[in-house]
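Colleague: here you go, sequence then predicted model.
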Amino acid sequence: MTPHITIPPIPEEMLEDGKIDKNELHKLLTELLAQLKVNQNLDFLENNYAEISPIRSKAYYEDLLPERGQALIEKAGLFSLFEVQKTKILSMITRP
């Protein structure tokens, strides 16, 4: 059976300056991995020059992690979509 995990909200003090720094991100991810009972070296977070690859297909991750409950954190993302949609998303959230 897959364990149940809870991802707590990001503490307000981490968000006060409008960004999450490396130490804060490392702390959040370490806590998440501990809940998943996964040992993963997160040193790649410290490398500012590490490639940030695009998010791959679901099939890729299913092949990479074939056992239910396995987890992996990687530096990947879809940054431009968030930036373009940020205003729209924020206005949808704040609408009465």
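Modeller: Good, I have the coordinates.

Colleague: can you pull out the helices in the protein?
Modeller: Assignment of helices within the chain using DSSP state H yields the ranges 12-15, 22-36, 58-64, 79-94.

Colleague: in terms of mean pLDDT, which of those ranks lowest?
Modeller: Within the helices of the chain, the least confident segment by mean pLDDT turns out to be helix 79-94, at a mean of 53.

Colleague: any idea how many residues pack against residue 66?
Modeller: Here the neighbour count serves as a burial measure; for residue 66 (other C-beta atoms under 10 Å) it reads 8. C-beta coordinates here come from the backbone N, C-alpha and C atoms, glycine included.

Colleague: right, I mislabeled it, should have said residue 12
Modeller: Counted with other C-beta under 10 Å, residues neighbouring residue 12 total 7.

Colleague: what does residue 29 give?
Modeller: Residue 29 sits with 14 neighbouring residues when counted by other C-beta under 10 Å.

Colleague: please renumber so the chain begins at 526
Modeller: All right, first residue 526 from here; so that's residue 554.

Colleague: return the residues in contact with it.
Modeller: Taking C-beta atoms under 8 Å, 6 or more residues apart in numbering as the definition of contact, the neighbours of residue 554 are 567, 570, 598.

Colleague: repeat that with 7 Å
Modeller: With contacts taken as C-beta atoms under 7 Å, 6 or more residues apart in numbering, residue 554 has the following neighbours: 567, 598.

Colleague: repeat for residue 571
Modeller: residue 547.

Colleague: and residue 603, what pLDDT?
Modeller: Residue 603 is assigned 60 on the pLDDT scale.
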